[in-house]
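> Predicted model and sequence below, questions to follow.
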Amino acid sequence: MTGENEINVSAGILMAKVTTPKGKGFTVRTPGGPVRDIGTLFGVEIDNAGTSGVQVFKGEVELADSRGVTVKLIEGNTMQRAAGKDQWLSESRLSRKFYSVIQQNKQALTPNIVLLPEQVQNIFGADEHVGKSYLLYSPTSLFDRIQDANFLSARAEISPHYAVVYFNETTAEWELPSNESLIPFTPAATDLVLALIESSGPPKGPKKREITYFSGTQDHIHGIASGYQSGDLQLIPDRFRGEVNLGEYMLDGTYFIRNSE
């Protein structure tokens with residue numbers, strides 16, 4: 001397919017990966033309006049009600065509505081236009097089936113994509129910690145790696161693949177919270193640091209937390225690889241299982257794409 005081509009999609013799911021400059025400008029015509037590629041990896045979904053949805057994983061696309069108004073949708077973002085409505089509106093995610101299709105075809109699309117579970121992930125933190133901590137992704141379940149009894153007892157509550165971790169400058173060890181204390185853990189070669197969390201404030205009481213996502217970077221932090229190409233991760237501090245809980249975290253989003261080795 002080249003940039004001069006277009007395809008009409010009235011129902012179903014389409015995934016598009018543009019790999020050469022000749023493909024730039026390829027257009028998908030949907031009931032909600034045309035989706036014009038600007039060099040990217042994106043997906044289109046039209047449901048049974050005629051609602052059109054678009055999510056961009058890399059690069060950007062250009063959307064047009066019934067009035068001819070265009071808007072650029074960049075990587076890490078999703079929009080939908082309901083049948084009979086004029087405008088494209090921001091959404092957090094598309095349907096479960098949409099992400100199932102991506103999972104089934106990830107080798108052809110981009111093998112490095114990591115899809116988050118549909119449910120928001122709950123993560124322990126060290127309540128009184130002041131300073132730096134990090135959001136870690138572990139492809140291997142942490143419950144298979146960590147043998148601490150307190151940590152294992154919480155497996156029904158917390159994420160098996162994401163954790164907020166801390167580097168102990170005194171012992172030069174990585175640690176993660178078991179909800180009782182910080183426990184040492186040994187990094188694996190496949191671990192990845194996704195974000196930096198900087199907490200400030202009094203030892204007791206609420207903290208100010210600034211989060212820096214490592215999207216578009218590639219580095220190492222104390223021996224663990226850090227950074228990823230793109231994604232829509234959102235780490236929510238001081239929340240746990242949908243409620244206010246100082247020091248804990250919730251992780252929302254649909255995906256991130258690891259850097260190539």
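Perfect, I can see it now.
> contacts and neighbour counts: CA atoms only from here.
Will do.
> What backbone torsions are found at residue 96?
With angles defined as degrees, to the nearest 10, residue 96 sits at phi -60, psi -40.
> Not counting its neighbours along the chain, what's nearest it?
Among residues not flanking residue 96 along the chain, residue 118 sits closest, at 7.4 Å (C-alpha to C-alpha, 6 or more residues apart in numbering).
> Could you point out the helix or strand that follows the lowest-mean-pLDDT helix or strand in the chain?
Across the helices and strands of the chain, mean confidence by mean pLDDT, DSSP states H and E is lowest for helix 106-109: a mean of 88. Later in the chain than helix 106-109, the nearest helix or strand by DSSP states H and E is strand 113-115.
> I'd like the distance from that following strand to the chain centre, please.
The chain centre lies 8 Å from the centre of strand 113-115; the measure is C-alpha atoms, centre = their mean, to the nearest Å.
> do stretch 112-124 as well
7 Å.
> Sort out which residues of that stretch are buried, please.
For stretch 112-124, burial by neighbour count (16 or more other C-alpha atoms under 10 Å) applies to 112, 113, 114, 115, 116, 120, 121, 122, 123, 124.
> now do stretch 147-158
Here stretch 147-158 shows 151, 158 as buried, counting by 16+ other C-alpha under 10 Å.
> got the contact list for that stretch?
Contact with stretch 147-158 is made by 121, 122, 123, 124, 143, 146, 177, 178, 179, 180, 183, as judged by C-alpha atoms under 8 Å, 6 or more residues apart in numbering.
> How is this protein partitioned into domains?
Domain segmentation of the chain under automatic domain parsing yields 6-111, 121-258.
> Just give me the lowest mean pLDDT stretch among the ones you listed.
Comparing mean pLDDT across the domains of the chain, the weakest is domain 6-111, with a mean of 92.
> Compute the first-to-last residue distance for that domain.
End-to-end distance for domain 6-111: 26 Å, by C-alpha to C-alpha, to the nearest Å.
> quick one on the thing from earlier: using PDB, write out every CA atom in the least confident helix or strand of the chain.
Only the C-alpha atoms of helix 106-109 are listed here, as PDB (Å, rounded to 0.1, in the frame of the first residue of the first chain):
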ATOM      1  CA  LYS A 106       2.200  -8.700  17.600                       C
ATOM      2  CA  GLN A 107       5.000 -10.600  15.800                       C
ATOM      3  CA  ALA A 108       4.000  -9.000  12.500                       C
ATOM      4  CA  LEU A 109       3.200  -5.600  13.900                       C
END
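> what comes up buried for it?
Buried, per 16+ other C-alpha under 10 Å, within helix 106-109: 106, 109.
> just stretch 209-220 next, same as before
Those would be 209, 211, 213, 214, 215, for stretch 209-220 by 16+ other C-alpha under 10 Å.
> can you pull the pLDDT of the residue nearest to residue 96?
89.
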